[in-house]
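Asker: using only what follows, build the 3D model:
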Amino acid sequence: MLGKGQALANTGYQAYTGPLTAGPSQLQQQAFSGLAGLTIPTNVSMTDPNAVSQYMNPYIMQVLQPQIDEARRQSQIENLQNRVKLSQAGAYGGSRQAIMESENQRNLLQNLAGITGKGYATAYDKALEAIGADRAYGLSGLQKQADLGAVQRDIEQQGVEADIRQFEAERDDPFKKVQFQQSLLQNLPLATQSYSYSQPSALSQAMEKSGGILDLYDRLFGGAKP
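Answerer: I've put the predicted structure just below:
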């Protein structure tokens, strides 16, 4: 038993060479990479005219400009209809035509002013909403980054703790082997042996001095051999 225990105690430390932690999953890694590559708008100011104008331009181009173009087209149609009527009445080119065209132009300008004023007001409101949405998106993105950063930190912490446990296991291995050897000795049933000493008798002393049993026989029986 002691021999087997000694052989086991002398065995070198067998370290685990596989992964100590699971690490991030593929979906987590994709989330880390995707969020890290996003451009998150967080510094857009609602009081910056250039920034507001950039958000207004899409609405103006997509909504307001078509209304302006349509108003001008209707004004041109009305002018054409008035000229036809004046021509049929024999008044084409006269003062009446000039008045009608002037009135039509005034109506067009008023219409354009109304469309533009209302359109720019709506565009400004839409721009503020878009800026607010982008800022909220940016803050949400930052929060997501912070959350995923905490997940990354936890994963790294698991790796650090696993490395520490591995280090402690290697460090404590010699001491555990000593304890193992001590436990073998403690469990071994060794009986206590006692030793006693007795005073030699006169006969044994005489035999020692006379050279043994044969010499004593010669002395007692005069050298006669049995």
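
Asker: the longest helix anywhere in the chain packs against which elements?
Answerer: When the chain is parsed with DSSP state H, its longest helix is helix 95-186. Under the contact criterion of 3 or more Cβ pairs under 8 Å, 6 or more residues apart in numbering; DSSP states H and E, helix 95-186 touches helix 2-9, helix 26-36, helix 49-59, helix 65-88. No exception for glycine: its C-beta is placed from N, CA and C like everyone else's.

Asker: residue 138: which of those helices is closest?
Answerer: The closest of the helices and strands packed on helix 95-186 to residue 138 is helix 26-36. By Cβ to Cβ, the value is 12.2 Å.

Asker: show the average pLDDT along the closest one.
Answerer: The average pLDDT within helix 26-36 is 70.

Asker: ok, residue 74 to residue 120 distance?
Answerer: Distance of residue 74 to residue 120, given as Cβ to Cβ, to the nearest Å: 21 Å.

Asker: quick one: low-confidence parts of this protein?
Answerer: The chain contains residues with pLDDT under 70 at 1-9, 11, 13-23, 27, 32, 34-49, 91-93, 187-226.

Asker: same thing but at 90, please
Answerer: 1-65, 79-102, 119-226 (pLDDT under 90).

Asker: returning to that earlier point: now the angle from the longest helix of the chain to helix 49-59?
Answerer: Relative orientation of helix 95-186 and helix 49-59, computed by axes from the mean of the first three to the mean of the last three Cα atoms, to 10 degrees: 110 degrees.

Asker: how much does helix 95-186 deviate in direction from helix 65-88?
Answerer: For helix 95-186 against helix 65-88, the angle by the same axes, to 10 degrees is 170 degrees.

Asker: which secondary structure element is home to residue 12?
Answerer: Residue 12 is part of no helix or strand, with elements assigned from DSSP states H and E.

Asker: tell me, how many neighbours does it end up with?
Answerer: Residue 12 has 6 neighbours, counted by other Cβ atoms under 10 Å.

Asker: before we move on, back to that, pick the most deeply packed of the helices and strands packed on helix 95-186.
Answerer: Sort the helices and strands packed on helix 95-186 by mean neighbour count, taking mean count of other Cβ atoms under 10 Å, and helix 49-59 sits at the top with a mean of 15.

Asker: distance between the ends of stretch 86-94?
Answerer: 9 Å (Cα to Cα, to the nearest Å).

Asker: how about stretch 61-68?
Answerer: 10 Å.

Asker: isn't residue 82 right next to residue 104, touching?
Answerer: Yes: using Cβ atoms under 8 Å, residue 82 is in contact with residue 104, at 6.9 Å.

Asker: same question for stretch 169-187: list its buried residues.
Answerer: 177, 181, 184 (16 or more other Cβ atoms under 10 Å).
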